[in-house]
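[1] This is a predicted model, with the sequence first.
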Amino acid sequence: VLSFIQNPADRDILHDLTYYSAGSIPVSSKFGVIPNYYFPYRNAPDHVQPFVLVQFKNLPLFRLVTVTCRFWAPSVIYDPRAMRGMVSFQLFRSHNVTQSQVNNK
């Protein structure tokens with residue numbers, strides 16, 4: 001899984017990302033990985049959906065940013081018009097949290 005910014009004016013903020021992959025795969029600043037044991041996805045009640053967490057460390061205050069994450073695999077069809085093989089979302093940071101606020105929770 002790889003994330004990128006859609007709007008060229010926002011690309012300056014996407015230089016400090018951390019990807020947290022499922023399982024025992026190490027943390028990476030380049031990409032996230034979904035292990036093979038998640039596939040094929042069966043949509044069964046006990047089957048866990050695959051995921052990758054992305055931490056954006058330098059989001060500016062009061063700025064809407066559109067992010068797209070693309071899934072790369074030989075069997076995945078990528079079609080941006082149909083939004084296949086990808087997810088797109090928007091982030092907006094409205095306040096600043098200090099380290100002391102985090103430690104007090």
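    Great, that's in hand. Numbering: from 1, shown residues only.
[2] Three-state assignment for the spatially most central residue of the chain, please.
    Of all residues in the chain, the one closest to the mean position by Cα atoms, centre = their mean is residue 54, 3.9 Å from it. Taking DSSP: H, G, I helix; E, B strand; the rest coil as the rule, one finds residue 54 in the strand state.
[3] I'd like the distance between it and residue 36.
    21 Å (Cβ to Cβ, to the nearest Å). For glycine as for every other residue, the C-beta is placed from the backbone atoms N, C-alpha and C.
[4] Ok, residue 45 next?
    Distance of residue 45 to residue 36, given as Cβ to Cβ: 21 Å.
[5] Pick out whichever of these two has more residues nearby.
    Remark: of residue 45 and residue 36, residue 36 carries more neighbours, 8 against 5, as counted by other Cβ atoms under 10 Å.
[6] what ranges do the helices span in the protein?
    Taking DSSP state H, the helices of the chain run over residues 99-103.
[7] Give me the below-cutoff pLDDT ranges for it.
    1, 14, 24, 37-42, 99-105 (pLDDT under 70).
[8] Would you map the strands across it?
    Assigned by DSSP state E, the chain shows strands spanning 2-5, 17-21, 52-56, 64-70, 86-92.
[9] For the second one, which helices and strands make contact with it?
    To tie it back to what came earlier, the one meant is strand 17-21. Using 3 or more Cβ pairs under 8 Å, 6 or more residues apart in numbering; DSSP states H and E, the elements in contact with strand 17-21 are strand 52-56.
[10] relative to strand 86-92, how tilted is the strand it packs on?
    Using axes from the mean of the first three to the mean of the last three Cα atoms, to 10 degrees, the direction of strand 52-56 lies 30 degrees away from that of strand 86-92.
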